[in-house]
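[1] Predicted model follows, preceded by the sequence.
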Amino acid sequence: MFLRSRASGSPALWTDDKAGAGKVNTSQTFKVKFHAEAAARIAELAKEVLSSVRSFGPIDPPPSAGAEIHPVAHIGPDEIIGEIKVRQSSFNGLGTEVGRYWISKGMRVGWEGREFEAIKDLAIRLGSLTSIKGRVSESFLLDEVFAWLSETLELKRGDELADYITERCSTEIKDYEIWVPVFRTYSTTHFKIGNVDFRTVSKAILDRSYGQLPDDVAKRPEVAIKINRERSRIQGSIAACIRARAEFKKAREVAQSAASSCGLYLCRQRPEFTLSEVEGLPHTCGAGALAREKSPSAGDPTLETDLSGMFIRH
């Protein structure tokens, strides 16, 4: 379960007073600007990709008859939040995307094979530019490049790809604080490893988190059961707290990588149940036990981080 809390007037971290939190600046907008030569090269590559689009024929009509499936629930228009986006892709036997398409005037058009690889290469090239390197995910750039290509061919936009990407990145790159609960690991105090803070997930934090659910939803029996199970798994354990200025998907990647690295550091200090004798670390239980559980033989211990309980604030 991902719990997002948008800043509402105050830049204070989403935590209780005992967490020793600092401040995160949520008011400044990240401005992206590409060098003129880089923008010109991007325009050339984009023009080549635009000229390689092709048609894959008319779309097949839906079958007239099929299995009568019993619906578990009916979702009406009033229950849909936001815009519905449909992505048509093809994949090879290894699960790698090898083509992407959209419907235009009853025809299925897009890119496949080498032409689609050129779009991937363009997205990778964009991601390597200094102003956004390490701040946006490859999947985000691929989606945005495809959106610009298809909308340009449909005459819905007339801007350059570089201008579009800078605008989207400036909008999507934000300051996040992400809490990644560490599985079955507890500490009597808060501590820090490098740039990663480890704090206890308190009752107050979870109260504030689940308090964002509408009352009619939270009171449903199935929802209440799920919340109780999640709280039982997360509350009281420590979480790796990572601050990242990035696009949402990239921020999650950064947080998971940092949390995993620090968790392995904890395990390597002493792969036993208690880490209280490690200099500079508080009394911490659980990491060593999990290391033995995950690595019964000799070798590097592993520490599981619980993405299902990730907390995200920007």
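    That came through, no problem. Numbering: from 1, shown residues only.

[2] switch to C-alpha atoms for all contacts and neighbour counts from now on
    Fine.

[3] so is Ala240 in a helix, a strand, or just coil?
    What DSSP: H, G, I helix; E, B strand; the rest coil gives for Ala240 is strand.

[4] what about it, how many neighbours?
    Using other C-alpha atoms under 10 Å, Ala240 is surrounded by 27 other residues.

[5] what's the answer for Phe34, then?
    17.

[6] got a pLDDT number for it?
    Looking at Phe34, its pLDDT reads 93.

[7] cool, the one 3 residues further on as well?
    With respect to pLDDT, Glu37 has a value of 94.

[8] what about it, neighbour count?
    Neighbours of Glu37 using other C-alpha under 10 Å come to 9.

[9] same question, Ala244
    Residues near Ala244, counting by other C-alpha under 10 Å: 22.

[10] swap in Arg125?
    By other C-alpha under 10 Å, neighbour count at Arg125 equals 15.

[11] Quick one: residues in contact with the helix or strand containing it.
    Element membership for Arg125, per DSSP states H and E: helix 114-127. Identification of contacts with helix 114-127 by C-alpha atoms under 8 Å, 6 or more residues apart in numbering yields 42, 45-46, 49, 52-53, 98-100, 133-134, 136-138, 141-142, 145-146.

[12] Just want the most central residue of the protein.
    Centroid-nearest residue in the chain, with C-alpha atoms, centre = their mean: Lys249, separated by 3.0 Å.

[13] mind listing what Ser237 touches?
    So Ser237 contacts Pro181, Val182, Phe183, Arg184, Thr185, Tyr186, Ser187, Thr200, Val201 (C-alpha under 8 Å, 6+ apart).

[14] wait, Val49
    Residues in contact with Val49, defined by C-alpha under 8 Å, 6+ apart, are Glu115, Ala118, Ile119.

[15] Name the member of those with the most neighbours.
    Neighbour tally across those (other C-alpha under 10 Å): the maximum, 26 neighbours, falls on Ile119.

[16] Now go through the contacts of Ser237 and say which are in strands.
    Pro181, Tyr186, Ser187, Thr200 (DSSP state E).

[17] can you pick the most crowded of those?
    Comparing these on neighbour count, Pro181 comes out first with 29 neighbours (neighbours: other C-alpha under 10 Å).

[18] sorry, back to before: just the contacts of Ser237 now: which is nearest Gly211?
    Lowest distance from Gly211 to these (C-alpha to C-alpha) belongs to Val201, with 15.4 Å.

[19] Test my guess that the closest one contacts Gly236.
    Yes. At 5.4 Å, Val201 and Gly236 qualify as touching, with contact defined as C-alpha atoms under 8 Å.

[20] just checking, Arg87 touches Trp102?
    Yes. Shown here, Arg87 and Trp102 form a contact pair, counting by C-alpha under 8 Å, at 7.5 Å.

[21] between those two, which one's more packed in?
    Set side by side, Arg87 and Trp102 show more neighbours around Trp102, with 19 against 8, by other C-alpha under 10 Å.

[22] Quickly find the element holding that one.
    strand 97-104.

[23] and that strand, what other elements does it pack with?
    If you count contacts as 3 or more C-alpha pairs under 8 Å, 6 or more residues apart in numbering; DSSP states H and E, strand 97-104 packs onto strand 88-91, strand 107-112, helix 114-127.

[24] Just checking the distance from the next helix or strand after the longest one to the centre of its chain.
    This points to helix 114-127. Note on helix 114-127: by DSSP H and E, the next helix or strand toward the C-terminus is helix 138-153. Centroid separation for helix 138-153 versus its chain: 18 Å, with C-alpha atoms, centre = their mean, to the nearest Å.

[25] Tell me which residues are up against helix 138-153.
    46, 50, 102, 119-120, 123-124, 126-127, 157-158, 161, 164-165, 249.

[26] hang on, the earlier thing: and the strand holding Trp102, average pLDDT?
    The model assigns strand 97-104 a mean pLDDT of 96.

[27] Show me the shaky parts of the stretch 101-250 of the chain.
    Nowhere does the stretch 101-250 of the chain drop to pLDDT under 70.

[28] Tell me how far Gly106 lies from Ser55.
    In this view, Gly106 and Ser55 are 11 Å apart by C-alpha to C-alpha, to the nearest Å.

[29] Which one's more surrounded, the two?
    Neighbour count, other C-alpha under 10 Å: between Gly106 and Ser55, Ser55 has more, with 14 against 11.
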